Every structure is written in structure tokens, then in C-alpha cells.
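Undergrad: next one to model:
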Amino acid sequence: MNHSMIHQAIFPSRRGGVLLVAIGLLWLTLVAPAQAADLTPLCRFGIAGHQNLTDYPFEALRFGWYADWTATANPVRPGGMEYLPMVRFTQTGANSYSAYPTGSQLVDIINANPGHLWIVGNEPDRRFFQDSLEPAIYARAYHDLYYQIKTADPTARVAAGSIVQPTPLRLQYLDMVLASYRAQFGEPMPVDVWNMHAFILREMSCNHDPNNCWGADVPPGISAPYGMLYEIQDNDNIEIFKQFIVDFRQWMQARGYQDRPLIITEFGVLMPTDYGFTTDRVNAFMNQAFDYLRTASGPTGLASDDFRYVQQWAWYSLDDFTFNGALFNSSTHAITPMGQNFAQYTSNLASTVNLKPISGGLTAQRGAGGTYNLKLVARVVNSGDVQFTGPTVVRFYDGDPGAGGQQIAADVTISNVGGCASDAVTVVANITDPNRTGPFTVWVVVDPGNQVTEVREDDNVLRVRVIAGGAYLLLPRVTSSRF
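TA: Below is the predicted model:
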């Protein structure tokens, strides 16, 4: 939501039509709240903003990641903060597009930022503003960039470009993207992370009603005259916001993507104060949204994250005074009342760690004399909110360790598992038991000595069913990824 020209299209005019008279937003400059004892960045909280973070006293907000709608080889990452680079698009014809960055410049940026999460496009469903791509063009652009990024850096993850809001009309747009991707490339669209925005805006086609089409318009490639006709005062409706999340997770599940993280790279209150959206009202929405995002879960959520619906979210914005909700004054660099509220909210949150094995892969080959050659893979997640520095161990047992199960293979030590992140642990082991003829169970235990203080202690065990078959062997290793 970074282009200032979109200001005209989102806000309704007091005089009617889509043009807007100049709006002045004035924030009081207040003293930042006293620093909390714990300023550890929280991996789930993020912000969207253009400016250099180090221009602002941001530490008290405790956010752990940010996006700035660009991609750079040397992003500012104070304290190791996570940065999400983005590739942007422009449709240049009925069947063509341009991307930026692209070519060797993009490859250089990818190589300089290994293992990053890349966002491919920004609001491709936003007609005339932002990336504005017809579904078939976005499908092609996503395919090209996905494989270019993965070829340059196989450890990178790729997120689909965010839709403005997950309304039925915009989920239809995504369905058209998925269908076109399969038709063009003969495979399901490979998405590591799904991404959305959660603004609440009117969907009226300006071609249909040019005097009442403030908001998000109708997505390109869709000829409907209108979609959801939200009103101005709906812009901070927390129940609509919650339903957005539920609807998108249901959409993901129905299309085979439930096992992927969902992030929100922009949400907030856009309408200005003279439409009734006072500081207190914006802050109330912020608090309600944070409460929901931190705890909302259900059967369509991400299993590896305790079935939470959303894994990470970013408030809009850092300092964009074109809209409401800015956390800092871009001129004075002073924190705003919304920034103070953000800091107050996060200051009350504990720094949590929760390690657990969430998936296991195991191949076994039965040899002579009852010997089983095993390759065991377990992914250890930290579903807490801050980085686990460690160390601790992952241990593998033949059978229940509490009922006589025997340790197999050496302990694997893990450290520095980021919040909202995971490590893949691979070990090789041999079991000799001439009397064993059928399937058996291997147990994977994280922190078997209970030396790590965790939010939960009852989810540190994974049971993996072993069935003898073809196998291959690898030396023990640990690699990192997110969820």
C-alpha cells in the first residue's frame, strides 16, 4: 500500500466521486514509554514501512520482521531482524509483464540474502494501482520468479503476492490464478507461504459506478460490477477482520495448502481522523486484532503451529502519514500515540520458547540377521515467539523411552532455533533384532532432560512408525528453515 497515488482511490470524497480533498493528519508528539525489562524482538509481530528503521526508536515495539515493498542486497537488519524482500510487477500487454528487480540484479540480491522469504508481487488483484495483473499473467510471473529464486537459492522460501482482502471476489481471483497456473505449467502452483492483506474496503468497479468506487475496486480479469460493498465505518470492524482470516484459512485447506504458513504483510486502519477514526479508535482495533492473531486457531490452522491461523503479521504502517495508523512521525521521527500503543501491547508479552518435533520421515531396510538400517528425519519447531539460543539435544529411541525403549544413534545438538522457525535433524542408526518381523515405532524426543523452559512440556515427543523397505543413508546434519 506504498504508493501515495492510491490515496485517491481508497478514501471516499466528502463531495462524492473518487477524488479526495487534502487531508491533514496531526499526531501529538508524546514521550515514548519506559523500556520494558525485556525488549527481545517477537517473531510474529512485524511492520510495513519504507524508511530506514534505524531512523526511529523502534526497539520498544519489539517487532521481529519488516517488509518495505523492495528488494535490496544489503537490507537494514538491526539485531538480526528478519527482512522480507519483494519482487514487483507491471503488466505491459495482454500477455506480458515486466518485473523489478530482475535479471542479474535479482540474482545478486538473492545470493546476498540466502534463506530469505521472498514475496512475489504486491496486491496483483489491485486494479490500476499496485501490481494490477490479470490472473493468467500473475500465474506466469509467479512461475518465472519462483523458479528463478529457487534456482539461485534452494533454501529460499517463496510467498504468493498479497491480495488486498480475502473477499469472495478476491478468492475468485486466486482461484483463477491457480487454474491458469496448472493450465500453463501442468502442475499445482508451488507456494511455500500464503500471504494476504486484511484491509476492509469497498469493491465497486469504477467502470460501473465511478462516483462510488472508493476502496479496492474489482480485481483485473473479473468483469463483475461489484463485490463486497463495505461502508466507511467498516474499516475497523473487528468481526469482518476475523472472518477474513477464517475464510482465507478455509480456502487454503480446500485447495490443499493447509500445511503452509499464512502471513499478513499489511493490515490496519486507513480511514483518517475526520471520518471518525480517532487515535483511541485505531488503538482499540490494533489491540483487538493483536489479541485475535496471537490466539486464533482451529481445524483449518497450521498443525505445526498448534493449529494457529496466522503465523506472522505486520501493522500498516511504520510512518506513512498518507493514511491513519502510523507508528512514527516521518518528519520528527517521534513515536506517535499508535506507536506507543504498539509498544505498550508488546511490553506485556513474555518471551516464549516452545520446542517440539512436528514431522518425521523414516526409511528402513532390513538386512541379514534382523539388522535394520534406518535414516531418521525429524523437524524441530520453535513455536514460541523468540529465538531459542540453546543448546539442547534431540534423541531417538527404539520404543517408548518411559517403558524400556533403547536409545539409537548419538544425540543431535541443536541451537539458535529462531522463534517461528524450525531445524531439520537427520541421523543414521542401526537396529539388530533377529526376532523382529513387523512394523515398530521410533520415538523422537526433544530436550529429554527438560532443561529448557518452555511454554508447554507435553509436546516434546514424536512417534514415527517404521516399515522396512528401500533406504539410503546420510551422515547426521542440521539445516534450518521456517515452520
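Undergrad: would you confirm that Arg308 contacts Tyr292?
TA: No: under the criterion of C-beta atoms under 8 Å, Arg308 is not in contact with Tyr292, lying 10.8 Å apart. Bear in mind the C-beta positions are built from the backbone N, C-alpha and C, glycine included.
Undergrad: who has more neighbours, those two?
TA: Shown here are Arg308 and Tyr292; by other C-beta atoms under 10 Å, Arg308 has more neighbours (21 against 16).
Undergrad: where exactly do the helices run in the chain?
TA: With helices called from DSSP state H, the chain shows them at 6-10, 103-112, 135-152, 168-185, 238-254, 279-295, 337-347.
Undergrad: closest one to Val427 among those?
TA: Closest to Val427 of the helices of the chain is helix 135-152 (C-beta to C-beta; 26.8 Å).
Undergrad: what's next to the closest one, contact-wise?
TA: If you take C-beta atoms under 8 Å, 6 or more residues apart in numbering as the criterion, helix 135-152 is touched by 87, 89, 91, 95-97, 99, 106-107, 110-111, 118, 120-121, 124, 131, 133, 156, 158, 160-161, 173, 176-181, 184-185, 189-190, 219-221.
Undergrad: may I see the buried residues of it?
TA: For helix 135-152, burial by neighbour count (16 or more other C-beta atoms under 10 Å) applies to 135-143, 145-146, 148-150.
Undergrad: count the neighbours of Phe483 for me.
TA: Around Phe483 there are 21 residues (other C-beta under 10 Å).
Undergrad: same thing with Gly276?
TA: Gly276 has 12 nearby residues by other C-beta under 10 Å.
Undergrad: assess the claim that it and Asn235 are in contact.
TA: No: using C-beta under 8 Å, Gly276 is not in contact with Asn235; the gap is 9.7 Å.
Undergrad: counting neighbours, what do you get for the residue nearest to Ser415 when sequence neighbours are not counted?
TA: Excluding the flanking residues, the one nearest Ser415 by C-beta to C-beta, 6 or more residues apart in numbering is Gly390, at 3.4 Å. Counted with other C-beta under 10 Å, residues neighbouring Gly390 total 18.
Undergrad: do the same with Phe307
TA: 15.
Undergrad: now swap in Thr54 and tell me
TA: Using other C-beta under 10 Å, Thr54 has 9 other residues around it.
Undergrad: now do it against Glu203, distance only.
TA: Separation of Thr54 from Glu203 (C-beta to C-beta, to the nearest Å): 38 Å.
Undergrad: same question, Gly80
TA: In terms of C-beta to C-beta, Gly80 sits 40 Å off from Glu203.
Undergrad: and what of Trp214?
TA: 10 Å.
Undergrad: show me where the stretch 1-150 of the chain has its strands.
TA: 42-48, 63-67, 82-84, 86-93, 96-100, 117-122 (DSSP state E, counting those that start in this stretch).
Undergrad: which other helices and strands does the second one contact?
TA: Contacting strand 63-67 under the criterion 3 or more C-beta pairs under 8 Å, 6 or more residues apart in numbering; DSSP states H and E are the following elements: strand 42-48, strand 82-84, strand 312-316.
Undergrad: same thing with the first one?
TA: The helices and strands touching strand 42-48, judged by 3+ C-beta pairs under 8 Å, 6+ apart, are strand 63-67, strand 262-267, helix 279-295, strand 312-316.
Undergrad: each with direction, which strands does that strand pair with?
TA: Take DSSP bridges as the rule and strand 42-48 pairs in its sheet with strand 63-67 (parallel), strand 312-316 (parallel).
Undergrad: centre of the chain versus it, how much separation?
TA: Taking C-alpha atoms, centre = their mean, to the nearest Å, the mean C-alpha location of strand 42-48 is offset from the chain mean by 10 Å.
Undergrad: do the last one as well
TA: Relative to the mean C-alpha coordinate of its chain, strand 117-122 is positioned 11 Å out (C-alpha atoms, centre = their mean).
Undergrad: what angle separates that strand from strand 96-100?
TA: 140 degrees (axes from the mean of the first three to the mean of the last three C-alpha atoms, to 10 degrees).
Undergrad: any idea of the angle strand 117-122 forms with helix 103-112?
TA: 150 degrees.
Undergrad: what about Gln250, distance to Leu133?
TA: 25 Å.
Undergrad: the more surrounded of those two?
TA: With neighbours defined as other C-beta under 10 Å, Gln250 and Leu133 compare such that Leu133 has more, 28 against 17.
Undergrad: the more buried one: what's it in contact with?
TA: 89, 91, 97, 121, 124, 141, 220.
Undergrad: can you give the domain ranges for the chain?
TA: 6-347, 355-481 (automatic domain parsing).
Undergrad: what is the burial count for the closest residue to Pro114 other than its chain neighbours?
TA: Using C-beta to C-beta, 6+ apart and skipping the chain neighbours, the partner closest in space to Pro114 is Asp153 (5.3 Å). Neighbour count of Asp153, defined by other C-beta under 10 Å: 18.
Undergrad: likewise for the one 5 residues further on?
TA: Using other C-beta under 10 Å, the number of residues around Val158 comes to 22.
Undergrad: tell me what it is bridged to.
TA: As for beta bridges, Val158 partners with Trp118 under DSSP bridges.
Undergrad: ok so, going back, could I get the helices and strands packed on strand 42-48 as TSV with distance to Thr453?
TA: TSV is the format used below for those (distance: least, C-beta to C-beta, whole Å):
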stretch	distance to Thr453
strand 63-67	20
strand 262-267	27
helix 279-295	20
strand 312-316	23
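Undergrad: next, the distance between the ends of stretch 405-415.
TA: 26 Å (C-alpha to C-alpha, to the nearest Å).
Undergrad: in it, which residues are buried?
TA: 405, 408-409, 412, 414.
Undergrad: between Gly80 and Glu203, who's got more neighbours?
TA: Between Gly80 and Glu203, counting by other C-beta under 10 Å, Glu203 is the more crowded of the two (24 against 10).
Undergrad: got a list of what that one touches?
TA: 167, 169-170, 215-218, 226-230 are the contacts of Glu203 under C-beta under 8 Å, 6+ apart.
Undergrad: now it: closest residue in space, sequence neighbours ignored.
TA: That would be Gly227: by C-beta to C-beta, 6+ apart, it lies 3.3 Å from Glu203.
Undergrad: low-confidence stretches in the protein?
TA: Along the chain, segments meeting pLDDT under 70 span 1-37, 369, 468-481.
Undergrad: could you rerun that using 80?
TA: 1-37, 50-51, 359-374, 427, 429-430, 432-439, 466-483 (pLDDT under 80).
Undergrad: which residues does the residue nearest the centre of the chain bridge with?
TA: Taking C-alpha atoms, centre = their mean, the centroid of the chain lies closest to Ile263, which sits 2.7 Å from it. For Ile263, the beta-bridge partners are Asn195, Gln312 (DSSP bridges).
Undergrad: same check on Ala99?
TA: Phe89.
Undergrad: just confirm it contacts Arg88, I think it does.
TA: Yes: assessed by C-beta under 8 Å, Ala99 is found in contact with Arg88 at 7.0 Å.
Undergrad: more neighbours: which of those two?
TA: Arg88 (21 against 18).
Undergrad: hmm, back to that, just the domains of the chain: most buried one?
TA: Compared across the domains of the chain, domain 6-347 shows the largest average neighbour count, a mean of 19 (mean count of other C-beta atoms under 10 Å).
Undergrad: how far out from the middle of the chain is that one?
TA: 10 Å.
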